[in-house]
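**Q** next one to model:
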Amino acid sequence: MINFESTHMHYYIAFGLHIHSEISLPELAEGDAHSVAEIYIRKGEVRLPAMHPTRIFRRGIKAAFGEDESQALYLNWPNVASFKASGGNELVVSPVASDPDIISLFTVSEALGLILFQRGHFLLHASAVVVGEEAWCFMGMPGAGKSSTAAAFIKAGCRLLSDDLTAITFDEAGKPFILPAYPQLKIWERTVAGLQYDPSDLEPVSEGVNKYAYQPREQFTAQPVPLKKVFFLHKARNKPEFQNLGIAEIPGEMLRNFPLPASLIADKNLKRHFFQSLQCARSAEVLRRRRPEGFEKLEKWAEDSIREQLIAE
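**A** Here you go, the predicted model:
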């Protein structure tokens, strides 16, 4: 296990929660040192229970998942780190890799997602932006263009809400709200060029080659935003450009975009996921959308959508 030199406490806010962390997490927004910790992240030894392979890959490394008798949840990436999530408020990190940026990358992704899951949030592998005064969410199979679509909407004037991991909460009336994650959108080099982002506004990220981070810290909101549109992006030319999903299709599509180990969605958790999917569908328009071919058409969709939304408001 690697002992990092820095041992002082770091304070952040992400997903609407105050986080006190013994590990530096530079992707997150700075928080208040005087806040009460809703999530505590500490370094320590993680003794893994029986572990099982997942379909989760990060930097080409497959994660293993486990759960113990106390319902603590575990993730392990060989030669990177092990994580233990307990009670929706504590994440223990046992680092192996020596690069603190790599440890941060793995911590703020699925590992933090385990805590959000324990807190009852509805989670999606998706990107989200603010269009006007409402949240639009983009998801799809790998390569469908979630981050590129979000990048096009941001270039057209929208604010970022989340990249990769999207968390949704519900008010007392059952209306869904997206919790702002943290101010970073990871985009491929070809998207940077295609959308003509200024490279000087971007930072290289640790997740693979030719990928960069757009970090709109000053424009990032901390307030939940009502969910109004969900797009399942695809590239199939034999399917309609736009297609509204029937109510019976929505839970299955949402389930396919669950970002954590599939074994978590069983029994009462499966019922919760189904119910929360329908809660989203009651308040938000849910569509399949063939992603426009080429960056020029993608930008036009973003610009037209924003114009129409402003007129409607």
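
**Q** the closest residue to Met254 other than its chain neighbours: which element?
**A** Spatial nearest neighbour of Met254, chain neighbours left out: Ser277 (4.3 Å); criterion: CB to CB, 6 or more residues apart in numbering. (C-beta placed from N, C-alpha, C; glycine too.) Taking DSSP states H and E as the definition, one finds Ser277 inside helix 268-283.

**Q** go on, Leu287?
**A** Per DSSP H and E, Leu287 falls inside strand 285-290.

**Q** note down every partner strand of that strand and its orientation.
**A** strand 225-234 (parallel), strand 242-244 (antiparallel) (DSSP bridges).

**Q** just want the angle from that strand to helix 268-283.
**A** Here the directions of strand 285-290 and helix 268-283 differ by 90 degrees (axes from the mean of the first three to the mean of the last three CA atoms, to 10 degrees).

**Q** which elements pack onto the following helix or strand past strand 285-290?
**A** Next helix or strand after strand 285-290 toward the C-terminus (DSSP H and E): helix 295-312. Applying 3 or more CB pairs under 8 Å, 6 or more residues apart in numbering; DSSP states H and E, we find helix 295-312 packed against strand 122-131, helix 146-155.

**Q** give me the distance from the helix or strand following the last one to the chain's centre.
**A** Pointing back at helix 146-155 there. The first helix or strand that comes after helix 146-155 along the chain, using DSSP H and E, is strand 159-162. Centroid separation for strand 159-162 versus its chain: 10 Å, with CA atoms, centre = their mean, to the nearest Å.

**Q** then stretch 27-41?
**A** Worked out by CA atoms, centre = their mean, stretch 27-41 lies 18 Å from the chain centre.

**Q** what's the end-to-end length of it?
**A** With CA to CA, to the nearest Å as the measure, stretch 27-41 spans 15 Å from end to end.

**Q** quick check: mean pLDDT of it?
**A** Stretch 27-41 shows an average pLDDT of 95 in the prediction.

**Q** between the helices and strands packed on helix 295-312, which one is nearest to Ala181?
**A** strand 122-131 (8.2 Å; CB to CB).

**Q** just the CA atoms of the closest one, as PDB, please.
**A** Once non-C-alpha atoms are left out, strand 122-131 reads as follows in PDB (Å, rounded to 0.1, in the frame of the first residue of the first chain):
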ATOM      1  CA  PHE A 122     -30.900   6.800  -8.800                       C
ATOM      2  CA  LEU A 123     -27.700   6.400 -10.800                       C
ATOM      3  CA  LEU A 124     -27.100   6.400 -14.500                       C
ATOM      4  CA  HIS A 125     -24.000   6.100 -16.700                       C
ATOM      5  CA  ALA A 126     -24.700   9.400 -18.400                       C
ATOM      6  CA  SER A 127     -23.700  13.000 -19.000                       C
ATOM      7  CA  ALA A 128     -26.000  15.900 -18.200                       C
ATOM      8  CA  VAL A 129     -26.300  19.600 -18.900                       C
ATOM      9  CA  VAL A 130     -28.500  22.500 -18.000                       C
ATOM     10  CA  VAL A 131     -30.600  23.700 -20.900                       C
END
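
**Q** which of the residues in that strand are buried?
**A** Residues of strand 122-131 classed as buried: 122-131 (neighbour count, 16 or more other CB atoms under 10 Å).

**Q** nearest to Phe231, of the residues you listed?
**A** Nearest to Phe231 out of those is Ala126 (CB to CB; 9.0 Å).
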